[in-house]
Every structure is written in structure tokens, then in C-alpha cells.
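**Student:** just to be clear, the model below is a prediction. Sequence and coordinates:
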Amino acid sequence: MIGQDIQKAAELLKGGALVAIPTETVYGLAANALDTTAVARIFEAKERPSFDPLIIHTDSLDKIKPLVKEIPAKLLKLVEEFSPGPLTILLEKESAVPDLVTSGLPTVAVRIPAHPVCRKLLSQLDFPLAAPSANPFGYISPTRAKHVQDQLGDKVDYILDGGNCDFGVESTIVKLTDTGAVRVLRKGGLAIERIEEFIGAVEVNDVSSSNPTAPGMLKSHYAPKTPIYVGNINESVKRLKGKKIAFIGFNMLNFSLPVEDQFLLSMKFDLKEAASNLFAVMRQLDKSKKYDVIVADWFPDEGLGKAINDRLKRASSPL
Ligand code: TXA
Ligand code: MG
């Protein structure tokens, strides 16, 4: 059931239920992070392998402190600057955090979301929420309450509707390496340029190198059911001749395809707007069942364009 009742969501979560929650990035599938039975239901509902750890969410740094060993100064600086917001950091966990949440890893991923409805909900809870994106494992993340309803409606106890997600791509995940450098493990809503302006150059995980410390960051992820090819548009269109093609681009129409099959993510050339529309458009194309394939253009490799390109790359098939 979809609704806007924060109180109801809080009561359900206190009772060990599964509630889909709005965040500024994507919708999350939340449960009490300290209740292993409730956390197990998340994995079950998503059909998520138990080796893929979850992010925990709170509304303050104070609530994070008892859950982790220490917060290294560099990461603390980032949290103070960019939280609440689309930033997730990895920290050494305390035993209070169940191993199920971290898939047995010694670190836990934590984030303080900025969405006002989510913050209000978290402020009413004295436990953190474990919440992966509220989609079946491997599929693109939901950016509208309706997306959750469509795929997991019968598996969640309540969907707390907070409207369309502002960012539309997941949070940026960072950790401190053994040498004390900041490393971006997943490009996301917080642009790397903003982090670098603040603390200087950082290391960035390339999408294709699957990181052993991040078992869930599989290359083939965030994929729509319709096969998607990225880049080399004219070449792709030629090769895919005879197939019904949908085109996803930034703001420029492609003259080799009918206008009605083209889906431009931001006519005003705004990468943030494009990111917030990306997953919704992929879903719409899947749902319409009108297309055999999707062909997408690369976006400018800057700001949120980096996160968009990362998701396109992971969603794509080799041509
Ligand atoms: O924006 C977001 O981050 C959304 C909203 C709901 O907060 N959440 C989200 O969660 O995208 P999820 O589970 O779909 O993606 C979390 C990623 C996974 O790839 C997982 O492997 C990684 O974070 N992760 C979680 N804990 C980790 C850990 N201890 N070490 C390394 N990677 C971790
Ligand atoms: Mg996910």
C-alpha cells in the first residue's frame, strides 16, 4: 500500500516490518538494521544474494557513532560538508551492527539522507535503517513510489510516498584506503568534482574493475530488461537495422530515428535533471514493450554525467 503516513511507517518499522522509503537519490527498501529477522526479509524480498552488503541510514552523526569504531578525520570532514546528502562512507563496524547487514565484512556503509520525509521518519526511530535500493536484485533503482509498487508491491508492508527522487542516481560511496587516500567506490549523486574541490584529488574506481571489498558492485547491474547499447549511435542504428529502437539522449535529437522513439532526458541541458529522469525513462521503455533495443548516447563526463555514464555502462550489452 502506498501512502504518506510517516507515523504509520515508523510504527511498522518498530514492529520489524519492511517499508519502502523515499530518499533524495532513489527509493530504499528499509528495515530495522539491528533486527536480523527484519534485515533477512530485505534480502528475501529483493532476491538479493547475502554476499551483497547493505547501507545503513540515520538522521545524525550522533546516531552513527555507537555503530562504528572511529571516523577517520578525512571522512568526518566529508560527512560534515556533504551530509545530509547523497554520500555514503565505509567505516569499521562495531559489533552492534549485525554481520548480515555487512555480509560478514568488517566495514559498514553509512549515510545520512537529505529527503525531508525520510529525515522525519528517521528522527522518530531509535535504530538505524538498513536499506538497499527498492528494486529486484540487478534491476534499475526506483525513483518514484509507483516503481516500487510495480515490482515489490506485494512484498513490502508499506510504501512511504515522498514524490519523485531529486537525484535519481544512487549515493556516491567513498572509503579510506590503507594508504589514507579517499577512494570513490561508486560514482553517484555527489559529484566527484565537489569532493575534490573540498579535499583535493581522490582515487576513483573504474566501473569495469569489480572491487573485492564491494561485492555488490557488479558490472552488470542497474539493467533494464530491454537490451541497451551505448555510444556509436549511427553505427549501432545501422547494425540493429530491422529492430524497433528507442533512443535515450541528453537534449539532441538523432536524425536517423523517428522523433517519437527518442527520449531526451533534459531539454535544458541540465545533468542533474537528466540523472533524475534516467531510470524512470528506462522503466517506461521496458514497460511499454514497444522496443526491441535501447540505444543511448554517452553524457558529458562531468558532474552527475559521470554517474549517468557509469549506470549506462553497467546496464549495457556489448554490441
Ligand atoms: O543512494 C543510495 O545509496 C541508495 C539509497 C536507498 O540510500 N541505496 C543503495 O543501496 O543504492 P544498494 O544496496 O542498492 O547499493 C549499495 C552498494 C552495494 O553495491 C554494496 O555492495 C555496497 O553499497 N556496500 C554496502 N556495504 C558495503 C561495504 N561494507 N563494503 C563495500 N561495499 C559496500
Ligand atoms: Mg541497488
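**Tutor:** Done, it's in. Numbering: from 1, shown residues only. Ligands and ions are numbered 1, 2, ... in the order given.
**Student:** read off the pLDDT value for the nearest residue to residue 237 once chain neighbours are set aside.
**Tutor:** Among residues not flanking residue 237 along the chain, residue 256 sits closest, at 5.0 Å (CB to CB, 6 or more residues apart in numbering). No exception for glycine: its C-beta is placed from N, CA and C like everyone else's. Note for residue 256: predicted pLDDT of 89.
**Student:** residue contacts, residue 231?
**Tutor:** 296, 297, 298 (CB atoms under 8 Å, 6 or more residues apart in numbering).
**Student:** distance of the second one from ligand 1?
**Tutor:** Remark: distance between residue 297 and ligand 1 (CB to the nearest ligand atom, to the nearest Å) = 24 Å.
**Student:** also residue 262?
**Tutor:** 28 Å.
**Student:** so where's the stretch 201-319 of the chain shaky on pLDDT?
**Tutor:** Judged by pLDDT under 70, the stretch 201-319 of the chain has its weakly predicted residues at 207-221, 318-319.
**Student:** rerun that using 50 as the cut-off
**Tutor:** 208-216 (pLDDT under 50).
**Student:** and whatever residue of the stretch 51-200 of the chain ends up closest to ligand 1, backbone torsions?
**Tutor:** Closest approach between the stretch 51-200 of the chain and ligand 1, counting by CB to the nearest ligand atom: residue 132, at 2.9 Å. Main-chain dihedrals, residue 132, degrees, to the nearest 10: phi -80, psi 170.
**Student:** most neighbours of all the contacts of residue 231, which one?
**Tutor:** With neighbours taken as other CB atoms under 10 Å, the top of the contacts of residue 231 is residue 296, carrying 26 neighbours.
**Student:** quick one: pLDDT of the closest residue to the residue of the stretch 51-200 of the chain closest to ligand 1 other than its chain neighbours?
**Tutor:** Closest residue in space to residue 132, ignoring its immediate chain neighbours: residue 54 at 5.3 Å, by CB to CB, 6+ apart. In this model, residue 54 is scored at 97, pLDDT.
**Student:** now the one 4 residues further on
**Tutor:** pLDDT recorded at residue 58 is 98.
**Student:** same question, residue 91
**Tutor:** Per the predicted model, pLDDT is 98 at residue 91.
**Student:** how many other residues sit next to residue 198?
**Tutor:** What residue 198 shows, counting by other CB under 10 Å, is a neighbour count of 12.
**Student:** before we move on, what about the one 3 residues further on?
**Tutor:** Applying the criterion other CB under 10 Å, we find 10 residues in the vicinity of residue 201.
**Student:** circling back to that earlier point, and the residue of the stretch 51-200 of the chain closest to ligand 1, what does it touch?
**Tutor:** Applying CB under 8 Å, 6+ apart, the residues near residue 132 are 28, 29, 42, 46, 48, 52, 54, 55.
**Student:** of all those, which two lie farthest apart?
**Tutor:** Farthest apart among the contacts of residue 132 by CB to CB are 28 and 52. That separation is 14.4 Å.
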